[in-house]
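# Give me coordinates for this.
(one chain, ligands or ions: 1)
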Amino acid sequence: MARGLPRLPIKGPLAVVAVLIALGVGAVTWAEKSGWLYVWVPALTPPPLSDGGAGTLLKVRDGDTVEVRYHDLALAVRLRNIDTAESAHPDAQRNTALGEETSRWAKSYLAGVRVRVEFTRKDWRIDKDHHGRALGLLWLDRDPVGPGPEDELYNETVIRLGYSRYVTTYGTGGPYHQRFSDAEAEAKAAKRGVWRR
Ligand SMILES: [Ca+2]
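Numbers count the residues shown, from 1 in each chain. Below you'll find the predicted structure:
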């Protein structure tokens, strides 16, 4: 009788199934850790930003892109329905004075503010732009903490101040369509930012 050989507690087809399950669990754990799960996979309900680690704005890249703490990762969020002038484009020709102004304003306006990100979904996935970045609405969460009428929709503010047109490349603002349209009309009438003559 063979002795001292390591033996699996199960064998045959069952062992194959067990290995497949272990690999599957490992893959899902990795995907969640890396954030991949939330952006690319059919997230049933994207876990709200206000859970665990929440509301932390890590970095303002420019007027329309921020990094937020999302669970334990830094997630770049492209703010939907706006597109501000370039200020940090590798091709310096594309950077403009208005872009610099917008970026400076955004960094100062968002400094120290508590935020929430509202993601939108297309079918069952978080909406993304052409570069694969998550699209979101940025809420400035004023007191009391959590959603409420006191909170400010940053995307709308950007449009109202003329730092961006109301952009519908990735779809309209949905429930915020009227607000975005009104904000754009106001900016146009006052000839702000991109509407300056
Ligand atoms: Ca609030």
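
# Surely residue 95 touches residue 102?
No - look at residue 95 against residue 102 with CB atoms under 8 Å: they stay out of range, at 10.9 Å. C-beta: built from backbone N, CA, C; applies to glycine.

# If the residue nearest to residue 110 when sequence neighbours are not counted is in a bridge, with which residues?
Leaving aside its chain neighbours, residue 110 sits nearest to residue 60 (5.1 Å; criterion: CB to CB, 6 or more residues apart in numbering). In this entry, residue 60 is beta-bridged to residue 66, by DSSP bridges.

# Now for residue 60: which residues touch it?
Applying CB atoms under 8 Å, 6 or more residues apart in numbering, we find residue 60 in contact with 66, 103, 106-107, 110.

# go again using 6 Å as the cut-off
Residues near residue 60 by CB atoms under 6 Å, 6 or more residues apart in numbering: 66, 106-107, 110.

# Grab the nearest non-local neighbour of residue 102.
Leaving aside its chain neighbours, residue 102 sits nearest to residue 63 (4.1 Å; criterion: CB to CB, 6+ apart).

# tell me the contacts of the one you found?
Residues near residue 63 by CB under 6 Å, 6+ apart: 84, 102-103, 106, 163.

# Cross these against helices and list the overlap.
102-103, 106 (DSSP state H).

# could those residues be laid out in CSV, adding distance to the ion and neighbour count?
Shown next, in CSV, are these (distance: CB to the ion, whole Å; neighbours: other CB atoms under 10 Å):
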residue, distance to the ion, neighbour count
102, 25, 25
103, 26, 23
106, 20, 24
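
# Go through those and name the one nearest residue 77.
residue 106 (13.2 Å; CB to CB).

# what pairs with residue 117 across the strands?
Beta bridges link residue 117 to residue 138, judged by DSSP bridges.

# what separates it from residue 135, distance-wise?
With distances taken as CB to CB, to the nearest Å, residue 117 is found 10 Å from residue 135.
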